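K.L.:
sharing a model that was predicted from the sequence below.
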Amino acid sequence: MTPYVLVVEDEDALATLLHYNLEKEGYEVGVAPDGEEALTLVKERLPDLVILDWMLPKVSGIEVCRRLRAGPKTRNLPIIMLTARGEESDRIRGLDTGADDYLVKPFGMSELAARVRAVLRRLRPGLAEDTTQVGDIVIDRIAHRVKRGGREVHLGPTEFRLLDHFLRNPGRVFSREQLLDAVWGSDVYVEARTVDVHVGRLRKALNQGQAADPIRTVRSAGYALDLGD
Ligand code: CA
């Protein structure tokens with residue numbers, strides 16, 4: 001899965017430059033020209049990271065940041081704030097409001113790429129990499145292969161995405177609704193019960209050969225992946 005980065009920037013030239021360079025770095029990129037549209041786009045599809053300009057029409061960057069931090073689904077969304085030179089107090093306020101990092105304009109594209117990589121590495125371990133290992137499970141996102149304890153695990157496409165999502169967030173409990181949004185997409189209508197069916201299949205595939213069950217069912221809450229390293 002390609003990480004999806006949402007760029008929120010009202011300066012056309014900079015938005016285009018960011019779009020071009022982030023795509024070149026291998027990200028999928030969305031662009032919103034103002035804060036209002038940014039909030040709408042985030043609702044439609046949760047990004048893996050938001051690059052958020054401070055000064056925006058309609059809803060300011062700082063307000064977008066505040067609202068994202070207040071939302072249960074967007075509370076942990078990685079945010080890099082863009083500020084103009086000289087907005088020192090604003091920069092600090094930006095971090096107070098919950099941005100994970102900031103860049104002062106003008107900045108170079110290699111600097112931006114480095115910050116994006118660093119924030120993703122810190123907050124979304126596994127997302128920026130082609131392969132991730134958690135415990136004895138290894139996922140290869142390029143070859144679309146999964147191994148557990150060296151043994152090949154055959155998964156359907158939905159189970160693969162489900163496992164990928166768990167491996168990106170080990171130990172975190174996800175409700176069925178959160179898994180639906182993350183794996184099936186929020187615009188698809190699927191019953192919550194369907195999640196149970198696919199988790200069941202994933203479990204069965206992973207646990208062949210009597211390996212310990214890595215998926216924890218959290219009563220009335222959802223599921224989490226737990227593997228001791
Ligand atoms: Ca601006």
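P.N.:
Now that the structure is in, tell me what you want to look at. Note that this is a predicted model, so its numbers are computed, not measured. Numbering: from 1, shown residues only.

K.L.:
at the geometric centre of this structure, which residue do we find?
P.N.:
Centroid-nearest residue in the chain, with Cα atoms, centre = their mean: residue 48, separated by 2.8 Å.

K.L.:
per-residue confidence at that residue?
P.N.:
Residue 48 carries a pLDDT value of 93.

K.L.:
tell me the pLDDT of the spatially closest residue to it that is not a sequence neighbour.
P.N.:
The spatially closest residue to residue 48, leaving aside those adjacent along the chain, is residue 3, at 4.2 Å (Cβ to Cβ, 6 or more residues apart in numbering). C-beta: built from backbone N, CA, C; applies to glycine. Model confidence at residue 3, given as pLDDT, is 86.

K.L.:
hmm, residue 30 and residue 3 touching each other?
P.N.:
No: at 11.6 Å, residue 3 does not count as touching residue 30 under the criterion of Cβ atoms under 8 Å.

K.L.:
neighbours of residue 72, just the number please.
P.N.:
A count of nearby residues for residue 72, using other Cβ atoms under 10 Å, gives 8.

K.L.:
do residue 178 as well
P.N.:
Residue 178 sits with 19 neighbouring residues when counted by other Cβ under 10 Å.

K.L.:
which stretches of the chain form helices?
P.N.:
12-24, 35-44, 61-70, 88-96, 109-123, 157-168, 176-179, 192-206 (DSSP state H).

K.L.:
mind checking which of these is nearest residue 150?
P.N.:
When those are compared by Cβ to Cβ, helix 192-206 sits nearest residue 150, at 13.5 Å.

K.L.:
now the closest one: buried residues?
P.N.:
195, 198-199, 202, 205-206 (16 or more other Cβ atoms under 10 Å).

K.L.:
and of those residues, the nearest to the ion?
P.N.:
Relative to the ion, the closest of the buried residues of helix 192-206 is residue 195; by Cβ to the ion it sits at 40.1 Å.
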